[in-house]
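Asks: Prediction below, plus the sequence it came from.
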Amino acid sequence: MASSSTTQEPSSSSAPSPKRNFDVFLSFRGKDTQYGFTDHLFVSMEGKGIHTFRDDKLERGEEIGQELLGTIEGSRFSIIVFSESYADSKWCLEELTKIMDCRKERSQTFLPVFYHADPSDVGKQTGSFGKGFAKHETTVNKEKVERWRAAMAEATNLGGWHVVKDKGYKSKPIQEIIDFILERLKPKFLPIEEHIVGMRFRLKKLKSMLQIHLGDIYVIGICGFGGIGKTTIAKMAYNDILCQFNGSRIIITTRDKYLIDLCQVDESIKVFFYEANPLCDEEAIELFSWHAFKQDVPKEDYMNLAKRMANYARGHPLALKVLGSSFYGKTMDECESELDKLKKCLKKEVNDLLRVSFDGLDDFEKDVFLYIACFFIWTDKDFVLKILDSCNLCETIGILVLQDRCLITIVNNGVQMHDLIQQMDWTIVHEKDPRDPSKLSRLWDPNDIHNAFLAKKMKNIETISLDLSRSKEMRFTLEVFSNMKNMSAKMKNLRLLKVYYSAHHNQTRKEDKICLPIDFEFPQNLRYFHWEGLEFFPSNLQGQNLVPLNLKSSNIIELWEGIRCMLQDLPNLKFLDLSDSQQLMKIPKFTTMQNLERLNLQGKIPNIIGCLGALETLKLLGCLKFQKFPKMHGSMKCLKTLDLTCTPIKKLSNIIGCLGALEFLPLLFCFNLEKLPKFQSNMGSLVSLNLVNSAIKDLPSSIGHLNQLSELKLQGYKNLTSLPSSFYKLKSLGDCNLTGCSNLEAIPKIMEDMEHQLSLDNCGNLETLPNNIGQLTRLDTLSLVYCQKLHKLLDTLRRLHCCLTTLDIRGCNLSEEAILGDL
């Protein structure tokens, strides 16, 4: 039972309070409770952040030293665990006396616990306590013994907790003691707003990074752009572990990751980043509903609206709260009107918050930021860097700064930006002159582009990005584009020009084919030209500064036909895309394009393609006229990707087998290809070989040279009856898919390093698994669907119980005894 009176006001003569080093001083008789009750109590208090001292680490003598006396004085609470042999220890009795003195002189709170000891025996010093004092009276002076007796009697009169042997759970008094102390320590929790959504999982992840149980110094930097929830989750983490803080956990919220790096002053400090991410759709709808409808789900008939708002806000918590509040109490028509306005103008509270990060950039960084927001979203980072480099921008540093400020993210090497940040950028561009788009520096809205061309004045324009799939109601007529002839001379600052169809409208409609004026003059500053669906290419090419040239889905028959330029006028061209140009019959020689890095062709393949020494990517996907690989003049030593998917090629040149830099070789649906070239020992860079539905009869034994191969796709490889013995040398293989290899009878030994998955679905003739299957201790998925001749699973599969997460044996003719039920 808890004490109701355990403190005493200090007298006027009380000594000054020393520095508080501990919350609790714990006194106990070691041999009675050290490894039982006392240890559980200590661990539980520390776990709740109650900083506790127990004196089991100090060497005990006859007299207590000043160090221990100072520790008792410097503690806010003292707990004594009175056990049966407590009074046998002079040391314990000295601690008891000092604790009682501190209670009177320093207003220290004292909590007695009677563990398997009768409080009456303790107070009256009878039973085992009487025997202990009787022993001391023969060796210790009478005055000291009387002082010990008085202190023990006083301690007993203060109440406390009685833990009776073999009665009740010990956890109950421990929890009561902790609650008593925490209530008086009065931790100051930070205020958290109502209706916090989606933070439980995020908080769990953040707490795991804090490593509460370790004693090192940890700095956690919560990074993210404005309004994403950094401060909220930091407050929640603080409140959750407040009682466990000992000054060694530091949580920082910032929009700039670089500031977190500055915390790494020495190796003793562990620094980690936590990226604050947007809410998922369900969480976003719930948060919006709390503010728009004052409940956790949308009102009837408002679900579609809530989904649209969640899609608009893209999981941004602040935006969802602001928007939800602005929709509260409004009719459906009013909500629809509000949503239309949002598409044109960001809410001021949200815009101002996001703009803080933009205003902190220098002029170069702002320029890079606006280029990305208005032109390069969802674009390959390396591609973006090379375009910006051609525009004389500090591209690499700029990209890094934008990442550090959480204004962009790089996912699978693609540049991404939150929709609200992009809309904020658009607002910044429109600030120059919101009513006259011809005076803006960047154009992307179809209406603005239409009006700017009709205005016939575009001297400030640097970029134009026109998505034709967004302009259904307002067609771009020949009259509009015919103005480009007259406008090109005025668009002297135009650097980037893109006319395209977005991904969900990737099929160019014939009626939307657009013709540039035949005598259209390229602005001399043009670095980027991308125009899908061209009928012919303009003759006045001023392409000295062009880096990419994208003529995807064109109806061009002959490239450069009648062109009034020399090919050497394209010295900076790095990317050329002529894919899906079905009518293309004639392509120029590439001998003067020695800086070309990526080439995407569909049509006749020039014989001298092999002379492109800087080429890194060659895509011939769907090139129906490609049957033979041209001779390679010199070595294509930089080639990393060779994509021959859906081509009628019959034979690969043996030189392909020794391309040392090659990383990706997709040969999907090459129905005429029956043989692979010999792989040389220097092909250590190849990581992916895709032979889905090819006509190849067998794999060469030289495949064992591909020691970095991590992905091997052989689905539908019906001619394959066996795998070469060198298969086991593929030590990096992580994903092996043999689905539909219906004539495959056996699989040789596989390298033990294999991880991820092994798919053998529909291998109808497969009778047994590799003997060493049980040694693949990093394998997480094994799929054997419809392997009908597989009658038994090897016992060694049991060894995979620690790693295998998926074993699919549907459609296998396995007897009940053959299924490893304990796997």
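Replies: That came through fine.

Asks: Would you mind measuring from Gly735 to Leu712?
Replies: Actually, residue 735 is Asp rather than Gly. Between Asp735 and Leu712 the distance, using C-beta to C-beta, to the nearest Å, works out to 7 Å. No exception for glycine: its C-beta is placed from N, CA and C like everyone else's.

Asks: Neighbour count: these two, which is higher?
Replies: Leu712 (21 against 17; other C-beta atoms under 10 Å).

Asks: Not counting its neighbours along the chain, what's nearest the more buried one?
Replies: Take Leu712 and drop its neighbours on the chain: the residue closest to it by C-beta to C-beta, 6 or more residues apart in numbering is Cys736, 5.0 Å away.

Asks: Am I right that that neighbour is in a helix?
Replies: No. Counting by DSSP: H, G, I helix; E, B strand; the rest coil, one finds Cys736 to be strand, located in no helix.

Asks: ok, what's across the strand from it?
Replies: Leu712, Leu758 (DSSP bridges).

Asks: how close does it get to Ile649?
Replies: 24 Å.

Asks: So for the two, which residue has more residues nearby?
Replies: Cys736 (22 against 18).

Asks: per-residue pLDDT, that one?
Replies: Looking at Cys736, its pLDDT reads 90.

Asks: With Phe53 instead?
Replies: Reported pLDDT at Phe53 in the predicted model: 92.

Asks: Pull up the pairing partners for the helix or strand in which it is found, direction included.
Replies: Counting by DSSP states H and E, the element that carries Phe53 is strand 52-54. Applying DSSP bridges to the sheet, strand 52-54 is found paired with strand 22-28 (parallel).

Asks: Quick check: buried residues in the helix or strand just after the strand it pairs with?
Replies: Where DSSP H and E defines the elements, the next helix or strand beyond strand 22-28 is helix 30-33. Using 16 or more other C-beta atoms under 10 Å as the test for burial, helix 30-33 gives 30, 32-33.

Asks: Using a markdown table, lay out the residues you listed together with pLDDT and distance to Ser681.
Replies: Listed next are the buried residues of helix 30-33 as a markdown table, based on pLDDT from 0 to 100; distance: C-beta to C-beta, whole Å:
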| residue | pLDDT | distance to Ser681 |
| --- | --- | --- |
| Gly30 | 80 | 68 |
| Asp32 | 78 | 72 |
| Thr33 | 84 | 69 |
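
Asks: Where do the strands of the stretch 701-823 of the chain begin and end?
Replies: Counting by DSSP state E, counting those that start in this stretch, the stretch 701-823 of the chain has strands at residues 711-713, 735-737, 755-759, 778-783, 806-808.

Asks: same deal with the stretch 201-350 of the chain?
Replies: Applying DSSP E, counting those that start in this stretch to the stretch 201-350 of the chain gives strands spanning 217-223, 249-254, 269-275.

Asks: With the stretch 351-500 of the chain instead?
Replies: 379-380, 409-411, 414-416, 442-443, 463-467, 496-500.

Asks: how about those, which one is nearest Glu334?
Replies: strand 463-467 (30.0 Å; C-beta to C-beta).

Asks: So in that sheet, which strands flank that closest one, and in what orientation?
Replies: strand 442-443 (parallel), strand 496-500 (parallel).

Asks: Give the rounded mean pLDDT of it.
Replies: The pLDDT scores in strand 463-467 average 91.

Asks: For the spatially most central residue of the chain, which non-adjacent residue is spatially closest?
Replies: In the chain, the C-alpha nearest the mean C-alpha coordinate belongs to Glu275, at 7.1 Å (C-alpha atoms, centre = their mean). Leaving aside its sequence neighbours, Glu275 sits nearest to Cys223 (C-beta to C-beta, 6+ apart; 5.8 Å).

Asks: what does the model give that neighbour for pLDDT?
Replies: 93.

Asks: cool, and Gln583?
Replies: pLDDT for Gln583: 80.
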